[in-house]
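K.L.:
predicted model and sequence below, questions to follow.
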Amino acid sequence: MSEMCRRDPRREWIARNRLHPEHASALAALGSIGGGETASEWLGPSGVLRRNPHGVGFIGPNGVKRIDRSGAQQGGSASRHDRQAVQDSRRHVEISDPAFLVAVVPDLTGGRLSGHDKDLLGLARRLADADPERPGAVLAVVFGEHKEERLGEAGIDRVLHLEDETYAGFAPEARLAALAAVERQLAPRHWLLPDSPLGGADLGRRLALRLGERPATGVWQIEGDGEAPLGWRCTARGAAERLDIQRPLPRVALLLAECAEPVDETCHAAEPLSLGAAVPSALSRIEDLGQVAVDPAGVALAEAEFILSAGNGVKDWDGFHHAARVLGATEGASRVVVDDGFMARDRQVGASGTWVTARVYLAVGISGAIQHLQGIQSCDRVVAINLDPGCDMIKRADLAVIGEAADILAALVAKVEQQRGGQRDAA
């Protein structure tokens, strides 16, 4: 049998096309045929080693490592395939008997880890892994319901999930009582909370007072090797952010965003943990009256849960705005629409606009330029309405509707209004 390496032009083309549904499998096949060490490299017909410059972990010509923090290659309908491939390629870490715990209390805005939370977990991971011979574990204390399914990818070894309704909403006294119980039973070496107005700043200061600790606030950097007691030193903002203040890292620290790099190369166990004794109930003097009704048009794109985004295919702008109001969606737009003056610049979605993390992203008449696909890669569900079944946005979408945008939006609005009318009649 001949050992000649025969080319498969079609599979090579698929391997070069990141938007093709079989992109990940084609890369894997080329890697196995060519004898490459990974799916991002293979031997060409002339025996020259070929590398995929878009692969995760690829070392560029300047020696810079390419990292995809989203866990998926950018854009294309193969993104779920790529996300699974990246997840499988991560080094899985399980710490069965940790020497100590580093406790993190994330904000979990909207039930999901924010970029600030992931930076915090990256710093906790650095503190826990400082001594390879006696590694620690990262404990995440999560209050209420959350929507995260892959907590281990953020660097979490143990998860204490307190689902009681007592902790729902703004309940600092109840949460403080729970954290005090964690301190008594588990005694973490460090407590890390986000220094943010979303609850972490207030809760962290309350916790420090309860523990009798002098916290470090506004921390943006830590340095050291972890050797006790003065191994770690932190740098914090002071004097209205005009000075940097250095001090030994205390047990309680409130950290700013970008304090560390998020975890992106390992996957941890995220084992559920429970307290040995019941958390004592706290007499709350604060009553949460619920969320204030907010006009979706006033919500920033980066914080929106449901986005209705317009592209060049939208011609009926009155109908589009009416649909956004009926659906309760925040309006977004492609760069073409913004450049043409139909939407404000702060409504632009994409790498050159705003990166969004919506639960549902409804793209109307958007073809799907690579910059736009980059900006929506962290959205949970993408729905596309377009006349072109072969456009990149249709390939990226979880659900695609082929047709005229105005007609489909009008039918959707009519269906929603009909359902709401039926609910009012039943009431």
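P.N.:
That came in fine, so what should we check first?
K.L.:
a helix runs through His92, doesn't it?
P.N.:
No - going by DSSP: H, G, I helix; E, B strand; the rest coil, the assignment for His92 is strand, not a helix.
K.L.:
and it, how far is that from Leu209?
P.N.:
Distance of His92 to Leu209, computed by Cβ to Cβ, to the nearest Å: 39 Å. (C-beta placed from N, C-alpha, C; glycine too.)
K.L.:
for burial, what's the neighbour tally of Leu186?
P.N.:
Counted with other Cβ atoms under 10 Å, residues neighbouring Leu186 total 17.
K.L.:
could you chop the protein up by domain?
P.N.:
For the chain, automatic domain parsing gives the domain ranges 9-89, 91-273, 296-426.
K.L.:
what average pLDDT does the second one get?
P.N.:
Right, the one you point to is domain 91-273. Averaging pLDDT along domain 91-273 gives 86.
K.L.:
could you tell me the end-to-end distance of it?
P.N.:
End-to-end span of domain 91-273 (Cα to Cα, to the nearest Å): 23 Å.
K.L.:
helices of the protein, residue ranges please.
P.N.:
Per DSSP state H, the chain carries helices over the ranges 9-16, 23-34, 79-89, 115-128, 172-186, 200-211, 317-327, 335-339, 370-375, 392-396, 405-426.
K.L.:
and the contacts of the longest one?
P.N.:
What it means is helix 405-426. 313-316, 319-320, 322-323, 326-327, 364-365, 385-387, 401 (Cβ atoms under 8 Å, 6 or more residues apart in numbering).
K.L.:
return the set of buried residues in that helix.
P.N.:
By neighbour count on 16 or more other Cβ atoms under 10 Å, the buried set for helix 405-426 is Ala405, Ala406, Ile408, Leu409, Leu412, Val413.
K.L.:
now it - C-alpha only, CSV.
P.N.:
Extracted in CSV, the C-alpha atoms of helix 405-426 (Å, rounded to 0.1, in the frame of the first residue of the first chain):
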residue,chain,number,x,y,z
ALA,A,405,-38.1,41.1,7.8
ALA,A,406,-41.1,43.5,8.0
ASP,A,407,-43.7,40.7,7.4
ILE,A,408,-42.1,38.4,10.0
LEU,A,409,-41.8,41.1,12.7
ALA,A,410,-45.5,42.1,12.0
ALA,A,411,-46.6,38.5,12.4
LEU,A,412,-44.5,38.1,15.6
VAL,A,413,-46.0,41.3,17.1
ALA,A,414,-49.5,40.2,16.3
LYS,A,415,-48.9,36.8,17.9
VAL,A,416,-47.5,38.4,21.1
GLU,A,417,-50.4,40.9,21.3
GLN,A,418,-52.9,38.1,20.8
GLN,A,419,-51.4,36.0,23.5
ARG,A,420,-51.4,39.0,25.9
GLY,A,421,-55.0,39.8,25.1
GLY,A,422,-56.0,36.2,25.8
GLN,A,423,-54.2,36.3,29.2
ARG,A,424,-56.0,39.5,30.1
ASP,A,425,-59.3,38.0,29.2
ALA,A,426,-58.6,34.9,31.3
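K.L.:
average pLDDT across that helix?
P.N.:
Helix 405-426 shows a mean pLDDT of 84.
K.L.:
how big is the angle separating that helix from helix 317-327?
P.N.:
Note on geometry: by axes from the mean of the first three to the mean of the last three Cα atoms, to 10 degrees, helix 405-426 and helix 317-327 are set 30 degrees apart in direction.
K.L.:
surely Ala137 is in contact with Arg158?
P.N.:
Yes - the pair Ala137 / Arg158 is scored as a contact, 5.6 Å apart, by Cβ atoms under 8 Å.
K.L.:
let me have the domains of the chain in JSON lines, extended by distance to Ser284.
P.N.:
Shown next, in JSON lines, are the domains of the chain (distance: least, Cβ to Cβ, whole Å):
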{"stretch": "domain 9-89", "distance to Ser284": "38"}
{"stretch": "domain 91-273", "distance to Ser284": "5"}
{"stretch": "domain 296-426", "distance to Ser284": "27"}
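K.L.:
quick one on the thing from earlier: can you redo the helices of the chain as CSV, where the extra columns are distance to Leu243?
P.N.:
Shown next, in CSV, are those (distance: least, Cβ to Cβ, whole Å):
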stretch, distance to Leu243
helix 9-16, 51
helix 23-34, 49
helix 79-89, 41
helix 115-128, 21
helix 172-186, 29
helix 200-211, 19
helix 317-327, 45
helix 335-339, 39
helix 370-375, 36
helix 392-396, 46
helix 405-426, 53
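K.L.:
nearest to Arg233, out of the ones you listed?
P.N.:
Proximity to Arg233 (Cβ to Cβ) singles out helix 115-128 among the helices of the chain, at 12.5 Å.
K.L.:
got the buried residues for that closest one?
P.N.:
Within helix 115-128, the residues that qualify as buried by neighbour count (16+ other Cβ under 10 Å) are 116-128.
K.L.:
can you state the direction angle for that helix and helix 200-211?
P.N.:
Interaxial angle of helix 115-128 relative to helix 200-211 (the same axes, to 10 degrees): 40 degrees.
K.L.:
can you list the residues that contact helix 115-128?
P.N.:
For helix 115-128, contacts defined as Cβ under 8 Å, 6+ apart pick out 98, 100, 102, 104, 106-108, 113, 135-138, 140, 154-157, 189-190, 192-194, 196, 222, 226, 232, 255-263.
K.L.:
still on that earlier bit, out of the domains of the chain, which gets nearest to Glu287?
P.N.:
Glu287 lies closest to domain 91-273 among those, at 9.2 Å (Cβ to Cβ).
K.L.:
can you give me how far that closest one is from the chain middle?
P.N.:
Distance of domain 91-273 from its chain centroid, counting by Cα atoms, centre = their mean, to the nearest Å, is 17 Å.
K.L.:
can you map out the strands along the stretch 251-400 of the chain?
P.N.:
252-255, 266-268, 271-273, 306-310, 330-333, 360-364, 381-386, 399-402 (DSSP state E, counting those that start in this stretch).
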